[in-house]
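*Asks:* Task: produce atomic coordinates for the following.
(2 chains)
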2 protein chains.
Amino acid sequence: MVVSRVWYLTRRPEGFPRKDDFTLKEEQLPPCGDGEVIAAAEYVSVDPYLRYRARQIELDTVMTGTAVCRVIESRNSEWPEGSYLVHNTGWRTHTLLKKESLESSSYFGGCFRLPDYHGLPRSLSLGALGMPGNTAYFGLLEICKPKEGETVLVNCAAGAVGSLVVQIAKLKGCKVIGFTGSDEKVSYLMEIGADHAFNYKTTPIGEALEKAAPEKINCYFDNVGGQFTAEALPHMADFCRIAVCGAISTYNDESKDIGKISMTSPYSEATILWKQLRIEGFIVVHWQDRWTEGIEQIKQWITEGKIKYRETITDGFDKVPDAFIGLFSGENIGKAVVKV
Amino acid sequence: MVVSRVWYLTRRPEGFPRKDDFTLKEEQLPPCGDGEVIAAAEYVSVDPYLRYRARQIELDTVMTGTAVCRVIESRNSEWPEGSYLVHNTGWRTHTLLKKESLESSSYFGGCFRLPDYHGLPRSLSLGALGMPGNTAYFGLLEICKPKEGETVLVNCAAGAVGSLVVQIAKLKGCKVIGFTGSDEKVSYLMEIGADHAFNYKTTPIGEALEKAAPEKINCYFDNVGGQFTAEALPHMADFCRIAVCGAISTYNDESKDIGKISMTSPYSEATILWKQLRIEGFIVVHWQDRWTEGIEQIKQWITEGKIKYRETITDGFDKVPDAFIGLFSGENIGKAVVKV
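*Replies:* Modelled structure (predicted):
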């Protein structure tokens, strides 16, 4: 019998999430049935969007999240022992996977098979070679559609998604301006090729953009929303394309939930109208059918040395909530994952 | 010598525009030179966007606006006496038009030649067969891209643009919900084919949409912004396309100017993100190259009886400011024009 450790969401976070919103439990898995496998998590992913999910999932259920897992027991010939998969297991050390999940190609319901990584770490399947990688790839290329010579703005630029947006935009011949939350991260942004990088905690956003982009911004990859976007919006060029990838400034604020009537957004009607802006929210599973395309392209760029990646790895399954909470105080550079 | 009457903007409107923001003057036109014509306005257009322009143009200059004019004196063989043109003359009875304007195909700087109207009134060149017509045509078809069977929401639905959006959306096989500001206009909307029509002054927007569109809204043609949009946004379907055509609720509010830092918009980041909305501001001159296409199509629909039009005609050039101010208290059904 396999025992899994599982982080439950046992209290609805209010504002900033706290460790005691979560409770660690142990569960005995049922025996592995015909067509099923048992998988052991090697790395568990923590992602900002989970703060939002923590409002939606039922209390006293396992907290949502994705993991890369090794099959340790198999009664499914397609997934033999020792094979690896990415699955939205939730925050669990061990998971029994049903036949339907193993056969599904849906990102959230199914299992994604790891391609040959040519020696790259498997944790990348949760970062540059996984959901965050494709978020940067499709969000930037399909929504912002940057053209050579254009100016691209990205915030949370040292994060899992942002750091890839910076580099993909550079590969496309753009001028790139990144904002992040510490001087160490500013240095990292310069290291990965940003033309300008600023610490938003110490630099007035408008003044920085006035100097760094007097020509105005053609593409804005927004992970933040709120005050950052309000201050950045006057610096958009006519016909600027804005990809709303995240809104981390709102995730701890229930008045800004989806479907709530709100008059506190930064996306000013007058600026949208007279600058003819295009603003598009997206969730990366929209490009589920092209999933492999993005991953393979980023993998190629990494192996050619054209894209660098960083990970912030927290050790130990008992630290999953800490790693998650750390996202909101900006503790990570690159992708935050937990090694089980 | 030709004497023109001219409305000057002599005081910057604060909030709601007032008649004494404008001053009527007389000006003697210079003689008509080689390649030039003198044109007499037959109808002058008043449009909501001019409230916004009144913040931008210099004080003590002629107020911006478009007119359909008859050439009364010509030294340009392309534009003989008796020909008609649409030009952004400003609020003037008579205008001397230079060669460059007569030759330019730019909407705001040039002259648009009236096609054969087959007996339709020339005032339509300022409405259904002019800028407002093309605004409805291109904004709806190119930004909202409504598909048969989808649900379309439009506000200011009995106005010059909105009443065409309602009818074009119906021609494309959509279910159409219109909001307007009086019961008389609600009746007009039902007459032109809206599936549901509401008076926003007496009907709670959210409740009305809950009942009229439980399936949610796929296309939103927004002329208003502000509180209306805040209340409508929760009723958008995933992947809803929003054409930001106007923001009349903000035009009297300087804190909402283009380029001002604002955290008072209704376009909630969380709703944009999780519903994957696409919001696009537009100005119709973006489709200047396809101007004739839109006009010809609408003219055909009108002559086939598929599209109805209404005009609110104010008599007398001295009433231009009154007609303009009336736009903001909702006095017009269909296009508001002034007969000179």
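*Asks:* Now A:Tyr220, what are its backbone angles?
*Replies:* phi -130, psi 120 (degrees, to the nearest 10).
*Asks:* what residues are up against it?
*Replies:* Applying Cβ atoms under 8 Å, 6 or more residues apart in numbering or on different chains to A:Tyr220 gives the contacts A:144, A:152-154, A:232, A:236, A:240-243. In this view, the C-beta of every residue, glycine as well, is placed from N, C-alpha and C.
*Asks:* where's it relative to chain B, distance?
*Replies:* According to Cβ to the nearest Cβ, to the nearest Å, A:Tyr220 and chain B sit 13 Å apart.
*Asks:* That residue and B:Gly127, how far apart?
*Replies:* 36 Å (Cβ to Cβ, to the nearest Å).
*Asks:* Same check on A:Phe221?
*Replies:* 40 Å.
*Asks:* Which one's more surrounded, the two?
*Replies:* Between A:Phe221 and B:Gly127, counted using other Cβ atoms under 10 Å in any protein chain shown, A:Phe221 has the larger neighbour count: 31 against 27.
*Asks:* Can you report how many residues lie near the nearest residue to A:Arg18 once chain neighbours are set aside?
*Replies:* Spatially, and ignoring its direct neighbours in sequence, A:Arg18 is nearest to A:Ile325 (7.2 Å; Cβ to Cβ, 6 or more residues apart in numbering or on different chains). Number of residues near A:Ile325 (other Cβ under 10 Å) recorded here: 19.
*Asks:* show me where chain A has helices.
*Replies:* A:49-56, A:99-103, A:131-138, A:162-171, A:183-191, A:205-212, A:226-232, A:269-274, A:291-303, A:320-327 (DSSP state H).
*Asks:* how far does the last one sit from the chain's center?
*Replies:* Here the centre of helix A:320-327 is set off from its chain's centre by 14 Å, with Cα atoms, centre = their mean, to the nearest Å.
*Asks:* Would you mind naming what in the stretch 51-200 of chain A lies close to chain B?
*Replies:* A:Tyr52 (Cβ under 8 Å from any Cβ of the partner chain).
*Asks:* so who does the residue nearest the centre of chain A touch?
*Replies:* Most central in chain A under Cα atoms, centre = their mean is A:Pro132, positioned 4.2 Å from the mean C-alpha point. Applying Cβ under 8 Å, 6+ apart, we find A:Pro132 in contact with A:47, A:126, A:160-161, A:164, A:335.
*Asks:* can you do 6 Å?
*Replies:* A:160-161 (Cβ atoms under 6 Å, 6 or more residues apart in numbering or on different chains).
*Asks:* Tell me the confidence at it?
*Replies:* A:Pro132 is assigned 96 on the pLDDT scale.
*Asks:* Would you confirm that A:Lys216 contacts A:Ala237?
*Replies:* Yes: taking Cβ atoms under 6 Å as the definition, A:Lys216 is a contact partner of A:Ala237 at 3.6 Å.
*Asks:* And these two? Which one has more around it.
*Replies:* Between A:Lys216 and A:Ala237, A:Ala237 has the larger neighbour count (other Cβ under 10 Å), namely 18 against 15.
*Asks:* So that one sits against A:Pro214, correct?
*Replies:* No: shown here, A:Ala237 and A:Pro214 do not form a contact pair, counting by Cβ under 6 Å, at 10.9 Å.
*Asks:* Walk me through the domains of chain A.
*Replies:* Chain A breaks down by automatic domain parsing into domains covering A:3-127+A:309-339, A:131-286.
*Asks:* Low-confidence ranges, the stretch 151-300 of chain A, go.
*Replies:* Scanning the stretch 151-300 of chain A for pLDDT under 70 picks out no residues.
*Asks:* OK, contacts around A:Ile205?
*Replies:* Contacts of A:Ile205 by Cβ under 6 Å, 6+ apart are A:231-232.
*Asks:* residue contacts, the closest residue to A:Asp257 other than its chain neighbours?
*Replies:* Closest residue to A:Asp257 apart from its sequence neighbours, by Cβ to Cβ, 6+ apart: B:Ala270 at 5.9 Å. Residues near B:Ala270 by Cβ under 6 Å, 6+ apart: A:247, A:250, A:256-258.
*Asks:* What of A:Val161?
*Replies:* A:132, A:135-136.
*Asks:* 8 Å instead, please
*Replies:* Contacts of A:Val161 by Cβ under 8 Å, 6+ apart are A:132, A:135-136, A:139, A:223, A:245-246.
*Asks:* can you give me phi and psi for it?
*Replies:* phi -80, psi -50.
*Asks:* Can you lay out the helices of chain A as JSON lines showing distance to B:Phe228?
*Replies:* Formatted as JSON lines, the helices of chain A follow (distance: least, Cβ to Cβ, whole Å):
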{"stretch": "helix A:49-56", "distance to B:Phe228": "26"}
{"stretch": "helix A:99-103", "distance to B:Phe228": "44"}
{"stretch": "helix A:131-138", "distance to B:Phe228": "32"}
{"stretch": "helix A:162-171", "distance to B:Phe228": "34"}
{"stretch": "helix A:183-191", "distance to B:Phe228": "41"}
{"stretch": "helix A:205-212", "distance to B:Phe228": "29"}
{"stretch": "helix A:226-232", "distance to B:Phe228": "21"}
{"stretch": "helix A:269-274", "distance to B:Phe228": "11"}
{"stretch": "helix A:291-303", "distance to B:Phe228": "38"}
{"stretch": "helix A:320-327", "distance to B:Phe228": "36"}
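*Asks:* Alright, calling it a day.
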